[in-house]
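Engineer: just to be clear, the model below is a prediction. Sequence and coordinates:
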Amino acid sequence: GAGVSQSPSNKVTEKGKDVELRCDPISGHTALYWYRQRLGQGLEFLIYFQGNSAPDKSGLPSDRFSAERTGESVSTLTIQRTQQEDSAVYLCASSLSYNTGELFFGEGSRLTVL
Amino acid sequence: TQLLEQSPQFLSIQEGENLTVYCNSSSVFSSLQWYRQEPGEGPVLLVTVVTGGEVKKLKRLTFQFGDARKDSSLHITAAQPGDTGLYLCAGVQGEYGNKLVFGAGTILRVKS
């Protein structure tokens, strides 16, 4: 498709398990962003990539969170040893570059940690 | 504590009524964006305002950026059920880049 694609759309996991969330940005978009949206709250910045580099990881909540991007395309957000407070919708967005262009968001991955 | 405070948090109105949503901060932003998000979907950009005092219109929606670039408002005239959704404001800090700081949003419900 032409938009940002995220998978899985829904993930239910047990506390302590690791999860991987995937984002396929719009083709040609060099910048990619991860945000977290908790119920009743706004979007919380996690990390962004320009190409395959992550100049700003300041929003990652703890060292249990990591992200990578390969081929200036797909990105994976990994959460290790999940906790109940990690439950949220994880949104990915892409733009032409970090300095230009509108952000286009995917539909998000809803993570529930039991 | 939210860097951008939105009010009201929730608004339920009848079709045809007017409404205003506010987005306030003590920080200055180089630009401010408004998004609408529907359940199960990602936010979609409505408008970007850049200049202090700027007013932009998008059909029945009017967006204003405060003179000091610390606040913004969204006014909807003659609301329709299709306007229902979560409205988010987001500010860009610094002179470049797309690192957005989001408000908590205003849930709007327009009843027919």
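Structural biologist: Yep, it's here.
Engineer: read off the pLDDT value for the residue in chain A that chain B sits nearest to.
Structural biologist: Among all residues of chain A, A:Phe105 sits closest to chain B, at 2.9 Å; criterion: C-beta to the nearest C-beta. C-beta: built from backbone N, CA, C; applies to glycine. Note for A:Phe105: predicted pLDDT of 95.
Engineer: in this structure it contacts B:Val44, no?
Structural biologist: Yes: the criterion here is C-beta atoms under 8 Å, and A:Phe105 meets it with B:Val44 at 7.3 Å.
Engineer: just want to know which of those two has more residues nearby.
Structural biologist: A:Phe105 (22 against 15; other C-beta atoms under 10 Å in any protein chain shown).
Engineer: can you give me the distance of that one to A:Ser27?
Structural biologist: Separation of A:Phe105 from A:Ser27 (C-beta to C-beta, to the nearest Å): 16 Å.
Engineer: and what of A:Leu21?
Structural biologist: Taken as C-beta to C-beta, the span from A:Leu21 to A:Ser27 is 20 Å.
Engineer: quick one: which of those two has more around it?
Structural biologist: Taking other C-beta under 10 Å, A:Leu21 and A:Ser27 do not tie; A:Leu21 has more neighbours (21 against 8).
Engineer: the residue in chain B that chain A sits nearest to - how many residues pack around it?
Structural biologist: Going by C-beta to the nearest C-beta, chain A is nearest to B:Gly42 of chain B, at 2.9 Å. Neighbour count for B:Gly42, taken as other C-beta under 10 Å: 23.
Engineer: do the same with B:Gly16
Structural biologist: Counted with other C-beta under 10 Å, B:Gly16 comes out at 11.
Engineer: verify the stated contact: it with B:Ile76.
Structural biologist: No: when contacts are counted by C-beta under 8 Å, B:Gly16 is not listed as touching B:Ile76 (10.9 Å).
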